[in-house]
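[1] Show me the folded form of this:
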Amino acid sequence: MIKIGKNKISIKHRPYIIVEACVNHQGNFNIAKKMIYAAKDAGAQCMKFQHHIVKEEMLEKNIPKSSNFKKPLSKVIEDTNFSIKQHIKLKNICTKIGIDYLCTPFSIKAAKELNKINVKFFKTGSGELTNFPFIDAIARLGKPMIVSTGMSLPHEIDETVKIIKKHKTPLGLMHCISAYPCPYEIMNLDFINYLSKKYKIPVGLSDHTPSIYNALGAVSLGASMIEKHFTFNKNLPGPDHKSSINLKELKELTKGVHANFLARGSKKIIFPQEKQIIAWARESVVSIKNIKKNDIFTRNNISTKRPSPKGDEVPAKDFFKILDKKSKSNIEVDSIIKKSQVT
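    Model (predicted):
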């Protein structure tokens with residue numbers, strides 16, 4: 001289990017919903033503020049931002065562009081990045097309204113700056129999974145880590161987990177496919193179960209599909225956390241809007257996550273709510289003709305019909321047991337056969 005403030009993250013607790021702002025705020029602080037209030041209003045437990053220091057995390061020349069970027073990565077970051085002072089303000093807003101503030105650093109320096117402003121925990125992106133100096137530096141800070149696992153192989157995940165566990169740092173993993181937007185057919189949600197069984201720690205889904213469907217499915221499979229990119233307008237320019245959900249979808253996500261969490265049970269019993277339905281939905285053995293004493297019960301004079309049997313009445317499941325037996329009394333048509341009437 002991971003504890004973040006008042007929130008507990010485990011398979012036994014309501015899934016922890018992380019709303020990812022990414023760069024969908026377009027670098028506009030007021031939009032970022034509105035995103036926090038929207039996430040809280042929708043019922044999410046956490047609002048996540050990103051902290052970049054370009055010169056610390058990348059060479060500014062010759063960085064390849066993926067299909068979701070129209071500008072160089074460094075330019076996108078420079079146009080949308082917030083200062084640490086702005087992050088402090090965003091964090092204070094989160095604290096004020098009662099939603100967890102989370103921020104992903106992309107360099108050791110960025111992580112240290114976030115640590116200085118007393119973040120409760122860290123989330124690392126899939127690209128940093130194999131950056132062992134970076135992972136080690138954050139793990140040494142001793143605060144809970146949530147680690148995304150996109151673009152990786154199982155042995156790479158294992159190597160990263162070992163580094164973090166060496167420092168006894170609380171850890172959760174996010175199954176992730178780093179495609180923007182991600183096609184459903186490559187999501188491989190069952191890998192959530194693999195991670196849960198192997199590491200016995202909270203496992204969630206960082207979901208880049210353009211809808212909430214796979215996130216809801218992940219909860220049914222035992223996901224303890226759900227992370228979704230959020231935008232007010234999917235048609236805005238930028239690398240992440242197309243793989244994000246809007247406010248209406250976010251509200252449906254929080255409702256659906258809770259509903260699927262409540263529905264996870266594995267026991268098969270007859271619940272109290274079902275008992276009133278049993279009264280009319282099951283069937284009894286009934287006469288379909290007048291039956292005289294000593295007549296033999298056959299398919300020609302008995303059948304099964306509702307309502308359910310009571311007390312001495314013969315249930316439908318015992319139909320074959322009374323075939324070829326004799327009636328102890330006269331029985332009128334359309335009567336429920338009683339056990340006491342069968343020899």
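
[2] And what about residue 215, helix, strand or coil?
    Three-state call for residue 215 (DSSP: H, G, I helix; E, B strand; the rest coil): helix.

[3] give the contact list for the nearest residue to residue 98 once chain neighbours are set aside.
    For residue 98, the nearest residue in space outside its immediate sequence neighbours is residue 40; the separation is 6.9 Å by Cβ to Cβ, 6 or more residues apart in numbering. All C-beta atoms are positioned from the backbone trio N, CA, C, and that covers glycine. Neighbouring residues of residue 40 by Cβ atoms under 8 Å, 6 or more residues apart in numbering: 47, 97, 98, 99.

[4] rerun at 7 Å
    97, 98, 99 (Cβ atoms under 7 Å, 6 or more residues apart in numbering).

[5] Distance check, the last one against residue 92.
    Which is residue 99. Applying Cβ to Cβ, to the nearest Å, the value for residue 99 to residue 92 is 12 Å.

[6] Equivalent analysis for the second one, please.
    Separation of residue 98 from residue 92 (Cβ to Cβ): 12 Å.

[7] Could you do residue 185 as well?
    42 Å.

[8] Then residue 221?
    Separation of residue 221 from residue 92 (Cβ to Cβ): 36 Å.

[9] The two - which one has more neighbours?
    More neighbours surround residue 221 than the other of residue 221 and residue 92, with 17 against 12 (other Cβ atoms under 10 Å).

[10] what's near enough to touch the nearest residue to that one once chain neighbours are set aside?
    Nearest residue to residue 221 in three dimensions, chain neighbours excluded: residue 192, at 5.1 Å (Cβ to Cβ, 6+ apart). For residue 192, the contact set (Cβ under 7 Å, 6+ apart) comprises 175, 203, 205, 218, 221, 222, 223.

[11] List just the nearest of these to residue 295.
    Within those, distances to residue 295 taken as Cβ to Cβ reach their minimum at residue 221, with 56.3 Å.

[12] Tell me both backbone torsions, phi and psi, for that closest one.
    For residue 221, the backbone dihedrals (degrees, to the nearest 10) come out as phi -90, psi 0.

[13] wait, doesn't residue 203 sit right on residue 196?
    Yes - with contact defined as Cβ atoms under 7 Å, residue 203 counts as touching residue 196 (4.7 Å).

[14] more crowded one of these two?
    residue 203 (27 against 19).

[15] confidence score at the more buried one?
    Note for residue 203: predicted pLDDT of 98.

[16] Just list whatever residues bridge to it.
    residue 173 (DSSP bridges).

[17] Other residues contacting the host helix or strand of residue 275?
    Secondary structure assignment for residue 275, by DSSP states H and E: helix 272-281. The contact list for helix 272-281, computed with Cβ under 7 Å, 6+ apart, reads 306, 307, 308.

[18] What subset of the residues you listed is buried?
    Taking 16 or more other Cβ atoms under 10 Å as the criterion, what is buried in the contacts of helix 272-281 is residue 308.

[19] just the contacts of helix 272-281 now: which is nearest residue 57?
    Lowest distance from residue 57 to the contacts of helix 272-281 (Cβ to Cβ) belongs to residue 308, with 67.7 Å.

[20] From residue 156, how far out is the closest one?
    Remark: distance between residue 308 and residue 156 (Cβ to Cβ) = 57 Å.
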